[in-house]
Every structure is written in structure tokens, then in C-alpha cells.
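S.K.: I would like to see how this sequence folds:
(one chain, ligands or ions: 1)
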Amino acid sequence: MKYLFTALLATVATAASASEDIADQYPQSELYAKPVEVIPHVYSAIGATAPPTYENSGHNNNLSFIVTEAGVIVVNGGASVRLAAALHDEIKAVTDQPVVLVINENGQGHAMLGNAYWRDLGVDVLAHEDAVAEVNENGDFILQGMQRYNRDKAEGTRVEPANLTFQDEYDASMGGVTVKVLHLGPAHDPGDAQVWLPDWSMLIAGDIAFHERMLPIFEGICTSCWLDTWETKLEPLAPTYVIPGHGHPTNLAQVRRYTRDYLLDLRGKIGAHIEEGGDLASAYYVDQSQWSHLDTFEELATKNAGRVFEEMEWE
Ligand SMILES: [Zn+2]
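M.R.: The predicted structure follows:
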């Protein structure tokens, strides 16, 4: 009986593992969770789906790496140099191959603040040109935000923009593995990058694709453009596997549901609200209850509604 109860508890804990209430899953490391091998040669350390905190060390996005016979490609610098070093320790535990390229999924802190660790080792860092522009403009501000929550864990981190940039596509193929770094089009962030591994039908999608946590709509983001990029550029790739920017590895159907379908639903509700002559103040409260199980719903749902209202007012 006691055994059964313990087993039940364990099941409950697993089912809730994406929740922000769950404590650090890998206390002996600065990483929130130990990297898992998602498919052969592709690993990902799945971050907390909560906002960045001292407890999760800012590891609230996915830090992935691809092992080839000519070196390792890392996706995301991480929120600090200490986090980058912790990821490097994990890479060294699974392969003798050196890290030869780091890719930033966008210009946000958790994508690029660990770049300095890799640049100091002489490793190239690649980002979309708009992400680099964002880092050049707001890097110090982003660094200060990280220092506030990460305190002593921020020690040694400085702003180091990517030294390589691309516009539409960058060929990072190596060791017999086709690696395409893509900017599919406007979506979540101006400098979004996606890493496409066609040989294995794996898309390391970054923040163009969400599922376990609610997607954030930032000021000035064009959600109709995001939907257009989704339909015309992402769907044709038809990936079997998807590692989103946040949350567990999944498939296309799942991220379609919580990204495209969520955007369509919210735009539909806000559109109807505008039609009825509704104003911004009441737009915040359109019914989003069908998405309330998503992590960060509390933080983001009303903000997202306001942003979509401001966008659709002008359509
Ligand atoms: Zn993100």
C-alpha cells in the first residue's frame, strides 16, 4: 500500500514537471535539468517554463547541442557564462568532439548572455543580423536585468554579440550532417533563428513555436506575419521532431495547436471585440480560459490580448 502511494506520487510529479512550482531538477549543476538525448546525436537541456529566477539560474529556455564527427554545434549561449560552462561540462561528458559553433536563437538574454564563455574559448557565435542589432542596442540593459535576479551567479558575464551573422539562411553543415540555420520570417522576435536538420527531420525551432508555456506577444510584434510565416515557411518543412524554444521536445501537431491555433483564437476574439465597438480596457479580458492550463498564462494572457488589440486596431 505504501509502495503504491509512493508510485502514485511519482506519477503526479512527472505529469507536472513543466510547472513553475517544480524545484530545480538538477541541483548539482547550474542547469535546471540535465540534457536528454532527444534523437541520436541531438541533445537538449530543457529549461524551466517559468520566468527567470535565482533558483533556475535563468535556465528557462532550451539549450541544445548537435554532435557531429567534425565537432559540436550548440544552440543558445544561455543566460550567463556559468550556465554556458555548465552546458559545456555536459557536452564533454557525452563526446570528445570540440564545440565549433554556437547559435543564438534570438537576441534575448537567455539566448546570448553566455556567448562570452564561448568567445573566450575562440568558438564562433552565429546569430541573425537583427538579433545582433538588438544586442548592440539593448545588451547592457538585458545584462542588468539578469544580474538583478541571478546576483552572484551573474559573476563574469558580459555582453558579447555574435561574431557571425546571417540574413535568410546559413549553411552550418559539418561532419556529414546537413545543418541549415534559417530565418523563416517575422514571428516572435525580430532576429528569430531556426536550426533545421533535414536528414533527421528535426527542427530546433526556437521561439517561433510554443506549447507547454503560453507564448508571449511582445510590443510591436505582428501576429498576422507570424501566422503567415508559419503557414508558408514552417509547415512545408514538415518536421517529425520539434525542440521548441521552451518546454519538452514534441512534434509539429502540438506546437501548431499552441502557437498557430492560439494566435488564430486570440485574433478571432479580439477581432470580434473590435467589431462590437469594444475598447482596449475590456479587450484584456476576452475569454482565453481554454489556454489557462499553460504555464505563464497568469503572466501573459491579458498582456497578449492588449498587444493584439493594439495591432488589430490598425488592420
Ligand atoms: Zn524564449
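
S.K.: state the distance from residue 220 to the ion.
M.R.: Separation of residue 220 from the ion (C-beta to the ion, to the nearest Å) stands at 16 Å. No exception for glycine: its C-beta is placed from N, CA and C like everyone else's.

S.K.: next one: residue 311
M.R.: 20 Å.

S.K.: for the closest residue in space to that residue that isn't next to it in sequence, give me its contacts.
M.R.: Distance criterion C-beta to C-beta, 6 or more residues apart in numbering; nearest residue to residue 311, sequence neighbours excluded, is residue 223 at 6.2 Å. Residue 223 is in contact with 217, 263, 266-267, 308, 311, counting by C-beta atoms under 8 Å, 6 or more residues apart in numbering.

S.K.: kindly recompute the last result at 10 Å.
M.R.: Neighbour list for residue 223: 186-188, 215, 217, 262-264, 266-267, 270, 304, 307-308, 311-312 [criterion: C-beta atoms under 10 Å, 6 or more residues apart in numbering].

S.K.: closest residue of the stretch 1-150 of the chain to the ion?
M.R.: Here the stretch 1-150 of the chain gets closest to the ion at one residue, residue 61, 4.7 Å apart by C-beta to the ion.

S.K.: which secondary structure state does that residue sit in?
M.R.: Counting by DSSP: H, G, I helix; E, B strand; the rest coil, the backbone at residue 61 sits in coil.

S.K.: what about the strands in the stretch 1-150 of the chain?
M.R.: Residue ranges of the strands in the stretch 1-150 of the chain, as given by DSSP state E, counting those that start in this stretch, are 36-39, 42-45, 63-68, 71-75, 99-103, 124-128.

S.K.: residue numbers of the stretch 151-300 of the chain in contact with the ion?
M.R.: Within reach of the ion by C-beta under 5 Å from the ion, the stretch 151-300 of the chain has these residues: 207, 245.

S.K.: if we can go back for a sec, switch the strands of the stretch 1-150 of the chain over to a markdown table; also include mean neighbour count.
M.R.: Compiled in a markdown table, the strands of the stretch 1-150 of the chain are given as follows (neighbours: other C-beta atoms under 10 Å):
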| stretch | mean neighbour count |
| --- | --- |
| strand 36-39 | 15 |
| strand 42-45 | 24 |
| strand 63-68 | 24 |
| strand 71-75 | 24 |
| strand 99-103 | 24 |
| strand 124-128 | 23 |
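
S.K.: switch the ones you listed over to a markdown table; also include mean pLDDT and distance to residue 237.
M.R.: Output for the strands of the stretch 1-150 of the chain, formatted as a markdown table (pLDDT from 0 to 100; distance: least, C-beta to C-beta, whole Å):
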| stretch | mean pLDDT | distance to residue 237 |
| --- | --- | --- |
| strand 36-39 | 98 | 16 |
| strand 42-45 | 98 | 16 |
| strand 63-68 | 98 | 17 |
| strand 71-75 | 98 | 16 |
| strand 99-103 | 98 | 17 |
| strand 124-128 | 98 | 17 |
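
S.K.: mind putting those in CSV, distance to residue 114 included?
M.R.: Shown next, in CSV, are those (distance: least, C-beta to C-beta, whole Å):
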stretch, distance to residue 114
strand 36-39, 20
strand 42-45, 12
strand 63-68, 9
strand 71-75, 9
strand 99-103, 8
strand 124-128, 10
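
S.K.: now those strands in a markdown table, with distance to the ion?
M.R.: Converted to a markdown table, the strands of the stretch 1-150 of the chain look like this (distance: least, C-beta to the ion, whole Å):
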| stretch | distance to the ion |
| --- | --- |
| strand 36-39 | 18 |
| strand 42-45 | 14 |
| strand 63-68 | 11 |
| strand 71-75 | 12 |
| strand 99-103 | 14 |
| strand 124-128 | 14 |
